[in-house]
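Asks: Whatever this is, show me its structure:
(one chain, ligands or ions: 1)
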Amino acid sequence: MKERDINNTIRRMHKYKRWTTNIKKRDNKCVFCGKINELEVHHIRALSGLINYLNIDSRDKALGCDQLWDLKNGILVCHNCHLQIEKDIKIKNNCKIIEKAY
Ligand SMILES: [Zn+2]
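Replies: Numbers count the residues shown, from 1 in each chain. Take a look at the predicted model:
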């Protein structure tokens with residue numbers, strides 16, 4: 001399977017829903033600005049990058065890969081902060097803004 005297909009497959013998985021739910025329960029609000037609505041889960045290490053790095057090419061491999069489901073790889077952010085993070089990552093290509101949250 002191609003990275004894009006795997007990416008979509010993972011995002012539709014039950015396990016993925018549980019992963020995002022657990023992060024929402026843990027963080028409760030946007031870790032940057034404290035907003036409590038329009039919340040989304042941000043992958044600290046991009047899902048596409050992980051898929052490539054871990055050589056995930058099937059549904060079974062994805063399911064069995066613990067690193068993919070590590071709660072430490074996700075943070076809860078609001079829509080606006082999420083856009084800002086993605087923009088910053090694209091510009092600086094680093095994770096400084098994420099380190100600031102902790
Ligand atoms: Zn926010």
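Asks: What's opposite the spatially most central residue of the chain in the beta bridge?
Replies: For the chain, the residue sitting closest to the mean C-alpha position, by C-alpha atoms, centre = their mean, is residue 43 at 2.1 Å. As for beta bridges, residue 43 partners with residue 74 under DSSP bridges.
Asks: Correct me if wrong: it contacts residue 73.
Replies: Yes - in this structure, residue 43 is within contact of residue 73 by C-beta atoms under 8 Å, at 6.0 Å. The C-beta positions use only the backbone N, C-alpha and C, and glycine is treated the same way.
Asks: what sits in contact with each of the two?
Replies: Common neighbours of residue 43 and residue 73 (criterion: C-beta atoms under 8 Å, 6 or more residues apart in numbering): residue 50.
Asks: so where do the strands sit in this structure?
Replies: 39-43, 74-78 (DSSP state E).
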